[in-house]
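A.B. asks: missing the sequence, but the structure's below:
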Ligand SMILES: Nc1ncnc2c1ncn2[C@@H]1O[C@H](COP(=O)(O)OP(=O)(O)OP(=O)(O)O)[C@@H](O)[C@H]1O
Ligand SMILES: [Mg+2]
């Protein structure tokens, strides 16, 4: 599949054109591609949901409720609590959760998992949950450090005879020239720093800073003076640093507890974001254990008390939460009550059902009552034919599909009979059919043909119920 390029002179959009690039969802996986039209909750400043905004149609009560939760999260009064989104399949629960993550911005960690992800033969169920929870606790570390910063004007390694072997040479030191608006300085640096410079792929003309204490090298970007005229390139250009070469600089880094656990479990040294905290726990461990987590927590608490770091509680989103079993639910209760708990959003489309892992506990949504008790519950409503038509229209625009007269009505009718998702699913195949028939526009007859080829869930279930099987009871 190839994206249409801006140089093409034709104005028709091919049926397989990629949706218009969206800056926020581009970095996420394709799993949410079907929600790419959702840009946020679409609320006014007063928290009122507009009928149609940010890609969201209708569902105003649920959107407003989510808006309140966002306010609570932002003012840090929702930690350790849970929001449960409950409603029929295809009513926008997953879409709501993604909208919440958009609204919170990229600085607040958002960790989505699906209930069934906890079942693995290699990792314990509770381990998956606690890891997810720790990835959802952000830590903003502010540090003032002595650094040498500037544009690299010179980079000359000095070689010396290797005293240990007769052959080969080693780098004895490296001369680095750094330039700022105020002046230039030539520094003689240790061979370890040269290694770090090579790792960061620093060349003359880059803006870098070197931490005085640790010798960590960070490449900020390429100096403005070298900016080229390409329209598209991977390089970031930065202005020549102000002030002296040697200065105190405030560095802000965002990491999560999960990052810190991993960094300490596999100490590598080096220049990554963990270099600040990488040497907290000196050990050769390769596994994240409860003990290691406690040690990380202790150090983090120390940093928070000193005012060096700030905890940013994020959001864990567990979709299809009814897939968890009783063990997980109990563990979830405990996690919610721990002092550094993130906000939890749960979603389910079940009514009363058996709690997994038990043989006789039937509970609303398949969630034990003690967990349910800790949740704020928001219900998503079904859609009217009108609303279905609007969602279809939004999707058609995002997918670059042209719809002929009456198509929207016909699809909305299908959506009302089947489900919103079924109607949405018909869009793309119908456009392929139209294309095969040499048209660029989807017509009503394409939808008709689609209906002959595919079944919606209700029809399929109905056929099985009637005959015991699709071919009259003796198949399968
Ligand atoms: N109010 C809405 N406005 C715009 N698009 C919507 C709306 N509700 C749902 N959608 C879209 O409809 C599709 C189905 O919705 P979604 O996946 O969120 O349903 P769900 O409630 O999570 O269903 P399930 O219980 O089966 O997981 C998605 O592509 C979603 O983006
Ligand atoms: Mg869903």
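C.D. replies: It's in. Here the structure is a predicted model, which is why all the values come from computation and not from measurement. Ligands and ions are numbered 1, 2, ... in the order given.
A.B. asks: use CA for all of it now, contacts and neighbours both
C.D. replies: OK.
A.B. asks: can you give me the helices in the protein?
C.D. replies: With helices called from DSSP state H, the chain shows them at 60-74, 93-104, 125-135, 191-199, 257-265, 290-306, 326-337, 369-372, 385-399, 407-417, 420-436, 444-453, 457-467.
A.B. asks: If you count contacts, what does the last one end up packed against?
C.D. replies: This points to helix 457-467. Contacting helix 457-467 under the criterion 3 or more CA pairs under 8 Å, 6 or more residues apart in numbering; DSSP states H and E is no other helix or strand.
A.B. asks: Can you list the buried residues in that helix?
C.D. replies: Across helix 457-467, burial judged by 16 or more other CA atoms under 10 Å covers no residue at all.
A.B. asks: Equivalent analysis for stretch 368-381, please.
C.D. replies: For stretch 368-381, burial by neighbour count (16+ other CA under 10 Å) applies to 368, 372, 375, 377, 378, 379, 380, 381.
A.B. asks: can you put these in TSV and add pLDDT?
C.D. replies: Formatted as TSV, the buried residues of stretch 368-381 follow (pLDDT from 0 to 100):
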residue	pLDDT
368	94
372	92
375	91
377	93
378	93
379	93
380	93
381	91
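A.B. asks: Kindly reformat the residues you listed as TSV containing distance to ligand 1.
C.D. replies: Below are the buried residues of stretch 368-381 laid out as TSV (distance: CA to the nearest ligand atom, whole Å):
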residue	distance to ligand 1
368	19
372	18
375	18
377	14
378	12
379	10
380	8
381	9
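A.B. asks: how about these, which pair is most distant?
C.D. replies: Maximum pairwise distance among those (CA to CA): 23.2 Å, between 368 and 381.
A.B. asks: List the neighbouring strands of the strand with the most length in the chain plus their orientation.
C.D. replies: In terms of residue count, the longest strand belonging to the chain (DSSP state E) is strand 137-161. Taking DSSP bridges as the criterion, strand 137-161 sits next to strand 169-179 (antiparallel), strand 206-211 (antiparallel), strand 246-256 (antiparallel), strand 309-313 (antiparallel) in its sheet.
A.B. asks: Nearest to residue 344, out of those?
C.D. replies: Within these, the stretch nearest residue 344 is strand 309-313; the backing value is 10.4 Å (CA to CA).
A.B. asks: Could you check the angle that closest one makes with helix 257-265?
C.D. replies: Orientation check (axes from the mean of the first three to the mean of the last three CA atoms, to 10 degrees): strand 309-313 against helix 257-265 gives 120 degrees.
A.B. asks: on that earlier part again, and the helices of the chain, which one is worst for confidence?
C.D. replies: If you rank the helices of the chain by mean pLDDT, helix 457-467 sits at the bottom with a mean of 80.
A.B. asks: Briefly note if that helix comes near ligand 1.
C.D. replies: No. Helix 457-467 stays clear of ligand 1 (CA under 6 Å from any ligand atom), getting no nearer than 11.8 Å.
A.B. asks: and that helix, how far from the chain's centre?
C.D. replies: Remark: helix 457-467 is offset 38 Å from the chain centroid, using CA atoms, centre = their mean, to the nearest Å.
A.B. asks: And stretch 413-428, what's buried?
C.D. replies: Applying 16+ other CA under 10 Å to stretch 413-428 flags 413-416, 418-424, 426-428 as buried.
A.B. asks: related to what we said a few turns ago, most tightly packed of the strands paired with strand 137-161?
C.D. replies: Burial of the strands paired with strand 137-161 is given as mean neighbour count (mean count of other CA atoms under 10 Å); strand 206-211 ranks first at a mean of 23.
A.B. asks: Enumerate the residues of the stretch 301-450 of the chain near ligand 1.
C.D. replies: Contact residues, the stretch 301-450 of the chain versus ligand 1 (CA under 6 Å from any ligand atom): 349, 391, 421.
A.B. asks: and these as JSON lines, adding distance to residue 246?
C.D. replies: Putting these into JSON lines (distance: CA to CA, whole Å) gives the following:
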{"residue": "349", "distance to residue 246": "59"}
{"residue": "391", "distance to residue 246": "57"}
{"residue": "421", "distance to residue 246": "60"}
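A.B. asks: Do I have it right that residue 245 meets residue 187?
C.D. replies: No. Between residue 245 and residue 187 there is no contact under CA atoms under 8 Å: 10.2 Å.
A.B. asks: Could you name every residue contacting both of these two?
C.D. replies: Residues touching both residue 245 and residue 187 (CA atoms under 8 Å, 6 or more residues apart in numbering) are residue 178.
A.B. asks: Compare those two (neighbour count), which wins?
C.D. replies: residue 245 (23 against 14; other CA atoms under 10 Å).
A.B. asks: The more buried one: what's it in contact with?
C.D. replies: Neighbour list for residue 245: 147, 148, 149, 150, 178, 179, 180, 182, 183, 184, 185 [criterion: CA under 8 Å, 6+ apart].
A.B. asks: Next up, the contacts around the closest residue to residue 210 other than its chain neighbours.
C.D. replies: Leaving aside its sequence neighbours, residue 210 sits nearest to residue 217 (CA to CA, 6 or more residues apart in numbering; 4.5 Å). Contacts for residue 217 (CA under 8 Å, 6+ apart) come out as 193, 196, 197, 200, 208, 209, 210, 211, 271.
A.B. asks: what's near enough to touch the third one?
C.D. replies: To tie it back to what came earlier, the one meant is residue 197. By CA under 8 Å, 6+ apart, the residues touching residue 197 are residue 217.
A.B. asks: cool, and the fifth one?
C.D. replies: With CA under 8 Å, 6+ apart as the criterion, the residues that contact residue 208 are 149, 150, 151, 152, 202, 217, 218, 219, 220, 221.
A.B. asks: Grab the nearest non-local neighbour of it.
C.D. replies: Spatial nearest neighbour of residue 208, excluding adjacent residues (CA to CA, 6+ apart): residue 219 at 4.4 Å.
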